[in-house]
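**Q** Dropping a prediction and its sequence here:
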Amino acid sequence: MFIRPIAVTDLDTLYQIAVESGPGFTSLMPDRDALARKIEHSIASFEREVTQPGDEHYLFVLEDETTGEIMGTTGIEAAAGRTRPLHHFRRSTVTHHSRDLGLRRNVETLTRCNHYTGCTEICSLYLRPEFRRANAGKLLSRVRFLFMALHPERFSDTVIAEMRGVSDDAGQSPFWSWLKTHFVDMDFASATRLVGSGYTHFIDELMPSHPLYTCLMSAEARAVISQVHERTRPALRLLEAEGFQHKGLVDLFDAGPTVECPLASIRSVRESQSWQVEVDAVPATEFQKRSRKRIAMPLLITNTETAGFRATVLTGADTRPGSNSLCLSPALADQMGLEPGQSCRALPLASSQRDVAPNTHHLRPEIVHAH
């Protein structure tokens, strides 16, 4: 399996993924015209010369090299919230105090804000259930960080991820149910569909702009604030291991948490390294075999391209002790678009059966609720 930028020929599969992902995954709505535009935007973003982040959106696909099937997607929004507002609720505490009466009460509030405008957002991660396998989830998640490490001028100093909040099997959110009752007479699927299509005016027109006192909410709504969907927990654990933290901002619709981390502090950015490529003779000579050392841990490796970007997981890689050379087979070097002497980037991956678990990251890419 390998990662590459999305292509026009992937439209049918991308539409299928949009259907599979279900309600609330507004980064990939089942609208062929909108998805075609998203693909065109991504292709243009990869091909564009960039010195600072703008409206670029990078969408990658994970392909099975044997069958050619698309296993999943993952993406990066270079500067979220610049072309369309990125709304959140800020979770904070207000203190009411009467000195004369000696009374004090701390009350939690939610206040609508646009805190993350211009930050880079990781998004659109979806691994199709039939393709769950070791390291697939890690490859989809971490490849974005290696792409950022290779091209930091394309991205913001702060990276965020919006995690899917709690909803039931029918896609209904307890948090939105309370908001619907008191503010916006619209069902959850309709609201997220509007956001996914790019229409957000109703947020300013109908959503509360003054602080909401959470003590006035239903118990069901309060209980899910800053909580993630059950299927999103593995994704959140992966991001927390990378250094992402929740700092009190939640989604307007399902109250799922947004997590953030400075780009330079992301673990995969810090721990990935540049290697020089060596390509094996066919077959490898006895001297080559004796002078190499096997790297037991799987490696996530990438080339250094943009439009021609490729990434995969390599098991049983060889290196020469005392050098920074990574030895690749001719077939793998060809698949990765790498020539002898060129640079690649590699990140060690701990082998774990937990890599099979996450089938969706449920990350939001563009506005508010793109799970």
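**A** Looks like it came in fine.
**Q** Quick check: which helices or strands does the helix or strand containing Thr74 pack against?
**A** Using DSSP states H and E, Thr74 sits in strand 70-77. Helices and strands touching strand 70-77, as assessed by 3 or more Cβ pairs under 8 Å, 6 or more residues apart in numbering; DSSP states H and E, comprise helix 11-21, strand 57-63, strand 120-127, helix 136-150. Quick note: C-beta positions are derived from backbone N, CA and C, even for glycine.
**Q** Am I right that Arg292 is in contact with Asp318?
**A** Yes. Shown here, Arg292 and Asp318 form a contact pair, counting by Cβ atoms under 8 Å, at 4.2 Å.
**Q** follow-up on the earlier one: what's the most buried one of the helices and strands packed on strand 70-77?
**A** strand 120-127 (a mean of 28; mean count of other Cβ atoms under 10 Å).
**Q** between that one and strand 70-77, how many degrees?
**A** Strand 120-127 runs at 170 degrees relative to strand 70-77, counting by axes from the mean of the first three to the mean of the last three Cα atoms, to 10 degrees.
**Q** And strand 120-127, what does it pack against?
**A** helix 11-21, strand 70-77, helix 136-150, strand 158-162.
**Q** redo that, cut-off 6 Å
**A** Packing partners of strand 120-127 (3 or more Cβ pairs under 6 Å, 6 or more residues apart in numbering; DSSP states H and E): strand 70-77, helix 136-150, strand 158-162.
**Q** of all those, which lies closest to Gln335?
**A** When the helices and strands packed on strand 120-127 are compared by Cβ to Cβ, helix 136-150 sits nearest Gln335, at 14.5 Å.
**Q** what sits up against that closest one?
**A** 3, 62, 72, 74, 76, 122, 125, 127, 155, 238, 263, 266, 268-269, 272, 300, 302, 304, 311, 313, 345, 349, 355, 358 (Cβ atoms under 6 Å, 6 or more residues apart in numbering).
**Q** Inside helices: which ones of these?
**A** Secondary structure from DSSP state H places Leu238, Ser268, Val269 of the contacts of helix 136-150 in helices.
**Q** For the second one, list the residues it contacts.
**A** By Cβ under 6 Å, 6+ apart, Ser268 lies in contact with Arg142, Phe145, Leu347.
**Q** Take those and lay them out in a markdown table including pLDDT and distance to Arg82.
**A** Compiled in a markdown table, these are given as follows (pLDDT from 0 to 100; distance: Cβ to Cβ, whole Å):
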| residue | pLDDT | distance to Arg82 |
| --- | --- | --- |
| Arg142 | 94 | 26 |
| Phe145 | 97 | 22 |
| Leu347 | 94 | 30 |
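**Q** between these, which is closest to Leu252?
**A** Nearest to Leu252 out of the contacts of Ser268 is Phe145 (Cβ to Cβ; 27.0 Å).
**Q** Return the distance of the closest one relative to Arg105.
**A** Taking Cβ to Cβ, to the nearest Å as the measure, Phe145 falls 43 Å from Arg105.
**Q** Who is Thr95 paired with across the strands?
**A** Taking DSSP bridges as the rule, Thr95 bridges to Asn106.
**Q** Please report how far Arg193 lies from Thr109.
**A** Taking Cβ to Cβ, one finds Arg193 at 29 Å from Thr109.
**Q** who has more neighbours, those two?
**A** Taking other Cβ atoms under 10 Å, Arg193 and Thr109 do not tie; Arg193 has more neighbours (19 against 16).
**Q** So for the closest residue to that one other than its chain neighbours, what's the pLDDT?
**A** Spatially, and ignoring its direct neighbours in sequence, Arg193 is nearest to Met29 (6.8 Å; Cβ to Cβ, 6 or more residues apart in numbering). Note on Met29: pLDDT of 79.
**Q** And for Met29, the neighbour number?
**A** Residues lying near Met29 (other Cβ under 10 Å) number 21.
**Q** Under the pLDDT cut-off, which ranges of the stretch 151-300 of the chain? List them.
**A** Low-confidence segments of the stretch 151-300 of the chain, defined by pLDDT under 70: 281-290.
**Q** for it, what spans make up the helices?
**A** Listed in chain order, the helices of the stretch 151-300 of the chain (DSSP state H, counting those that start in this stretch) span 174-182, 188-196, 201-206, 219-223, 233-242, 267-271, 286-290.
**Q** And the ones you listed: which comes nearest His115?
**A** helix 201-206 (14.7 Å).
**Q** And for the closest one, what's in contact with it?
**A** With contact meaning Cβ under 6 Å, 6+ apart, helix 201-206 is reached by His87, Val184.
**Q** Mind doing that once more with 8 Å?
**A** Pro85, His87, Arg112, Phe183, Val184, Met186, Ala191, Leu194, Leu252, Val368 (Cβ atoms under 8 Å, 6 or more residues apart in numbering).
**Q** Now it: buried residues?
**A** By 16 or more other Cβ atoms under 10 Å, the buried positions in helix 201-206 come out as Ile203.
**Q** wait, which of the contacts of Ser268 is closest to Lys38?
**A** Nearest to Lys38, judged by Cβ to Cβ, of the contacts of Ser268 is Phe145 at 21.7 Å.
**Q** mind listing what the residue nearest to Arg193 touches?
**A** Ala18, Leu35, Arg193, Gly196, Ser197.
**Q** okay, how far is it across stretch 71-86, tip to tip?
**A** Using Cα to Cα, to the nearest Å, one end of stretch 71-86 lies 29 Å from the other.
**Q** ugh, wrong one, stretch 258-272
**A** For stretch 258-272, the end-to-end distance is 25 Å (Cα to Cα).
**Q** List the buried residues of that stretch.
**A** Thr258, Val259, Glu260, Cys261, Leu263, Ile266, Arg267, Ser268, Val269, Ser272.
**Q** Can you report how many residues lie near Leu238?
**A** Using other Cβ under 10 Å, Leu238 has 22 neighbouring residues.
**Q** So which bits of stretch 321-335 are buried?
**A** Residues Ser325, Leu326, Cys327, Leu328, Leu332, Ala333, Gln335 are the ones in stretch 321-335 that count as buried (16+ other Cβ under 10 Å).
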